[in-house]
Structure formats: structure tokens, C-alpha cells
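>>> Turn this into a model:
(one chain, ligands or ions: 1)
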Amino acid sequence: MYGNSVGELLARAQRVIDRRDAQYMLGHLLGMSRASLIAHPDRVLCTSEAATYRDWINRRANGKPVAQVLGVREFYGRTFGIDEHVLIPRPETETLVEQALVRVSGQKRLHSAAGSRLSIFDLGTGSGAIAITLKLEVPDATVTGVDISTAALRRARANATTLNAAVTFVEGSWYSPLTDQRAHLIVANPPYVRRGDPHLTRGDLRFEPITALTDHSDDGLASIRAIVAGARQRLMPNGWLLIEHGYDQATSVRDLMTGAGLVDVESTRDLSGIERVTVGCRIDNASKPL
Ligand code: GLN
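Prediction:
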């Protein structure tokens, strides 16, 4: 008979899954930090806790990402509900949020005199992590999240309700459901993995919605091209477009933005030192036609 102590359960889990994942999931179940798990190996779980943990370990051993097993993932200090219909929020996407917040300050300085509310679009919102975070960080902004997936929007709306964020979600492809509206900021973490990239058929990515990861284009840039192409028409004068992209796509995305007439185009590195987010500004120049 196997014991149900922290030490015994962890030892068994580590034979079939990554040690960190085993610790993280047990800590999540018991509300204990990794350090306190290690300090209290003799703590005994009740039968139902141990059964839940075994079930989680089995699902993780079968490949399911930890966020889907637990049904949650932390993003920017908040907990988002996650399921198989949405991309799991990644740490590098916090770089996109940070860059958006930097631009919010500039936009507020520019527009406060006009008294208009800051408007933000999040294209391909998925779990709503970006849109909801921006709404909670900038409560006086009007935030709209767009997604083509009904199931993703259901998840995003549930997250917005749980986190008490008044975000409007609309269904459709990129700009199409946003009739007649313009934003001060447009943010997007679109699918950007190349068609046939071996990562798509390996590891955790196998369990995430394929349409959130790749648009099946050879260079992975078809979605980004569509978003950049529509940006000037959808941005307020002096508004910013901010896009997350793949590790080797920064130069291409800068070229696309410059080619589309955006200015002050630049890329920012994520915490791993990879150019991950590229931004461009719609110039406020009445003599330049849209
Ligand atoms: N950064 C993700 C990955 O490489 C991809 C996310 C995306 O396509 N937007 O796993």
C-alpha cells in the first residue's frame, strides 16, 4: 500500500513527470509553497486530496499542459481560467502588456485635454489575459477584445466576470467586428508559428488550439500582415500598434510596420533577451492620406 504523505506522493510523481511540475501541482492543491512542501515531507494528504493529485499526475504524464490540468494560469499577478480552447498565457506576453502600459501614459498626456476615454483593442484575445489585464491596470480605458473563436470568447468572458473587468468581447476576424471604431492602442498576440514547425507536434503545444498558434503560412506572418495592414485605418492619430511575434520575426515585423506607414517602429526584448514585441505609431499628419 502506498502512503499519502507529501514526500511519498512527490517521489512517485517525479518518476513520471517533471519534478518542478510535480511540486507546483501539489503546492497548488494544498495551498503550500514549494519550500514548505520540501520542509514538510511527512504531511499526510486525505484520501480525496491524494486521489485528485494522482489524477492530475496521470493527466500530466499523458502530456496535458499543467495549466490545462489545473484549469488556471497566472498572468501579470492574476489568475486566469484556462481550457483547451485558448492559448495558455506565456510570460513573454507580459512584455506586450508592459509596452502597452508605457504607451498608455503617453496617450493620456496627449488626449486628456480632449477629455476622451482611452480606447484599446486586443485582437485575438483568447483567454482575455491581455485585454482583462489592461482594463484592470487602466480602469478608465474602454477595452474591446476580439476573437474568431466562440469557445475562446466564452472563456474570456468568464475570466472578465471572475476578475471583475468590464471588457467588451466581440466575435470575428481581426478588425471585422469593429465597425466604425478607432483605438488609441491596438495590441495583439496573434498566431505566428510557421506552418510545419516541429514544435507544433511536440510537448505542450500539441494540446493548445492550433489556430491560436499558427495561421499555417510559410513564414508565420499572415495574421501579423493582416493586422498591420488594417492598423492605420483603425488607430487614432498618434495611436500605437503593438504586436507580439516569434523569436526571429522582429525584422520582418518592423519592415511590415514601416511599409504600412507607421513611424517610431521599434522592438522590445522579452525576459529571455529575445526581440518579442514590435510597436509602431500612426503619425498625426493631416496631409498624409490614410
Ligand atoms: N509563444 C508561443 C510559442 O512559441 C506562440 C504563441 C503565438 O503563436 N502567439 O509557444
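>>> Around K108, how many other residues sit close by?
14 (other Cβ atoms under 10 Å). The C-beta positions use only the backbone N, C-alpha and C, and glycine is treated the same way.
>>> quick check, distance from the helix or strand bottoming out on mean pLDDT in the chain to the centre of its chain.
None of the helices or strands of the chain scores lower by mean pLDDT, DSSP states H and E than helix 93-111, at a mean of 89. Taking Cα atoms, centre = their mean, to the nearest Å, one finds helix 93-111 lying 16 Å from the centre of the chain it belongs to.
>>> how about that helix: buried residues?
Across helix 93-111, burial judged by 16 or more other Cβ atoms under 10 Å covers T93, E94, T95, L96, V97, Q99, A100, R103, V104, Q107, L110, H111.
>>> so where do the helices sit in this protein?
6-16, 19-30, 34-39, 47-61, 66-70, 93-111, 129-137, 150-162, 210-213, 222-234, 250-259 (DSSP state H).
>>> which one of the ones you listed has the most crowded surroundings?
Highest mean neighbour count among those (mean count of other Cβ atoms under 10 Å): helix 129-137, with a mean of 25.
>>> re the thing from before, and of the helices of the chain, who's closest to I283?
Of all the helices of the chain, helix 222-234 sits nearest to I283, with 9.1 Å by Cβ to Cβ.
>>> M236: how many residues sit nearby?
That count, for M236 with other Cβ under 10 Å as the rule, works out to 19.
>>> circling back to that earlier point, mean pLDDT lowest where, among the helices of the chain?
Lowest mean pLDDT within those: helix 93-111, a mean of 89.
>>> Can you tell me which helices and strands the least confident helix or strand of the chain packs against?
helix 129-137, strand 183-188, strand 235-244, strand 263-269, strand 275-281 (3 or more Cβ pairs under 8 Å, 6 or more residues apart in numbering; DSSP states H and E).
>>> near the ligand, which residues of the stretch 1-150 of the chain?
L87, R90 (Cβ under 6 Å from any ligand atom).
>>> any chance of the helices and strands packed on helix 93-111 in TSV, plus distance to E208?
Output for the helices and strands packed on helix 93-111, formatted as TSV (distance: least, Cβ to Cβ, whole Å):
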stretch	distance to E208
helix 129-137	14
strand 183-188	17
strand 235-244	15
strand 263-269	24
strand 275-281	18
